[in-house]
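In: Predicted model follows, preceded by the sequence.
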Amino acid sequence: MNLAELKSNYPEFNIDIQGDINASFIKISAAENASEDSLIYVLNEKYIAPALSSKAKQILIHSKLKEQLQDTKNKNIIFADEPEVLIAQLLQEHFSYEKEISLQAENLVIDPSADIAESVLIGANTVIGKNVKIGKNTRIGPANVIQDGAVIGENVCMGSHNLIGNKVLIKNNVKMHSHNIIGSEAFLTGNNFGFAKCQGSVELQESVEMGSSNTFEFGLINNTIVQSGTKLDNRVFIGSESNIGPDSFLTAGVKVSHNVSTGRHFVIGGNSSVLANINICDGVQVGAISVVDKDVNEPGAYGGFPLQKMRDYLKTSMTLTKLATYRKEFQKLIRNEQ
């Protein structure tokens, strides 16, 4: 790829090139095994020197490190915002990067009533229950369990050791990694009730993408829904009958309780929680380690516990860091008055 093309094709990364803008690279490599036609990238100041001493002629560096760079040693330097995201897009769109799933069809248990398209690939030790439907060009990794009545659409890619519960609906182009539970019984805390039998199921709409170790509870009566285009990191929990709006982004460790409804473009930082029976409008961003304890009816950025608008949360946080100093000053004033 030509560096001029890189800049024009990805304007959202604010690319600035120092060097030969007509230079090209044909692969993306780590610094230690790079060649002259490689592109390598640097996110941390301590990796600048190894990058400059590598064979690679093209080096992608985070824009915030521009002032740290002095002698470029005849390299072509590409400064960009979020270079790791740019690398991920290049790998996906131009360099055919894909972790292949081992799909040796051994020890399969498939109920005769299952309707599976001919082009589906299924990994070893997978169990498929009654009346399951799987659309064309879907890949099911090894050691998955797909329970009775589940429907899986076309072009779905599933890693290993996932549990797909009864009557779960997974629509087209969904991608999931390993060790996810899509459909567990709902756990209700009221009056120490515990686990409840559920009539609803789970619905993952088009192009949902998730990492590993995520858990989705069945809906008690209505389905638990993750709408199209939403992305979930690892260790995300979605409670019974919650409805996550389209094109949302939930990062690692997020917990969403039951009966939560979010709007479009809901973004929430790591290890945050949303309490039960909460409604959230479109365009809401929540900072990491926050608790959404009330409805959010205005778009914008929020954080903390109790939840505040981000500007107020930052003021509160700064005040809390100074409480010990304020306490000492107050004690001095009291002693002086006495």
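Out: That came through, no problem. Model, not experiment: these values are computed from the prediction.
In: so how far is the helix or strand containing A88 from its chain's centroid?
Out: A88 belongs to helix 83-93 when assigned by DSSP states H and E. Chain-centre distance of helix 83-93: 15 Å, with Cα atoms, centre = their mean, to the nearest Å.
In: What residues sit buried inside that helix?
Out: By neighbour count on 16 or more other Cβ atoms under 10 Å, the buried set for helix 83-93 is P83, L86, I87, L90. To be clear about C-beta, it is placed using only N, CA and C from the backbone, and glycine gets the same treatment.
In: As a markdown table, the residues you listed with pLDDT and distance to V174 would be great.
Out: Shown next, in a markdown table, are the buried residues of helix 83-93 (pLDDT from 0 to 100; distance: Cβ to Cβ, whole Å):
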| residue | pLDDT | distance to V174 |
| --- | --- | --- |
| P83 | 90 | 28 |
| L86 | 91 | 25 |
| I87 | 89 | 24 |
| L90 | 88 | 23 |
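In: that older thread, for the following helix or strand past the helix holding A88, what does the pLDDT average out to?
Out: Going down the chain from helix 83-93, the next helix or strand is strand 109-110, by DSSP H and E. The average pLDDT for strand 109-110 rounds to 94.
In: from now on call the first residue 135
Out: Sounds good: first residue 135 from here, last item strand 243-244.
In: just checking, what packs against strand 243-244?
Out: Secondary-structure packing of strand 243-244 (3 or more Cβ pairs under 8 Å, 6 or more residues apart in numbering; DSSP states H and E): strand 261-262.
In: Report the distance from the strand it packs on to the chain centre.
Out: Chain-centre distance of strand 261-262: 27 Å, with Cα atoms, centre = their mean.
In: could you say what helices and strands that strand packs with?
Out: Under the contact definition 3+ Cβ pairs under 8 Å, 6+ apart, strand 261-262 sits against strand 243-244, strand 279-280.
In: and of those strands, who's closest to I174?
Out: strand 279-280 (41.1 Å; Cβ to Cβ).
In: contacting residues around that closest one?
Out: Residues outside strand 279-280 that contact it (Cβ atoms under 8 Å, 6 or more residues apart in numbering): T260, V261, I262, G263, V266, I268, I274, I286, N296, L297, I298.
In: ok now do the second one, which residues does it touch?
Out: This means V261. L242, V243, I244, N278, V279, I280.
In: For the second one, list the residues it contacts.
Out: Contacts of V243 were listed using Cβ under 8 Å, 6+ apart, and they are T260, V261, I262.
In: Would you quantify the distance from the first one to V336?
Out: Which is T260. For T260, the distance to V336 equals 19 Å [Cβ to Cβ, to the nearest Å].
In: Who has more neighbours out of those two?
Out: Using other Cβ atoms under 10 Å as the criterion, T260 and V336 rank with V336 on top: 27 against 24.
In: you'd agree the more buried one is up against G317?
Out: Yes - assessed by Cβ atoms under 8 Å, V336 is found in contact with G317 at 4.8 Å.
In: what's the overlap in contacts for the two?
Out: By Cβ under 8 Å, 6+ apart, V336 and G317 have these common neighbours: G299, V302, F350, E351, F352.
In: Between these, which sits nearest S382?
Out: F350 (14.2 Å).
In: strands paired with the helix or strand encompassing that closest one, and their directions?
Out: Counting by DSSP H and E, the element that carries F350 is strand 349-351. Paired neighbours of strand 349-351 in the sheet (DSSP bridges): strand 315-318 (parallel), strand 371-372 (parallel).
In: As JSON lines, those strands with mean pLDDT and distance to N156 would be great.
Out: Below are the strands paired with strand 349-351 laid out as JSON lines (pLDDT from 0 to 100; distance: least, Cβ to Cβ, whole Å):
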{"stretch": "strand 315-318", "mean pLDDT": "96", "distance to N156": "48"}
{"stretch": "strand 371-372", "mean pLDDT": "98", "distance to N156": "48"}
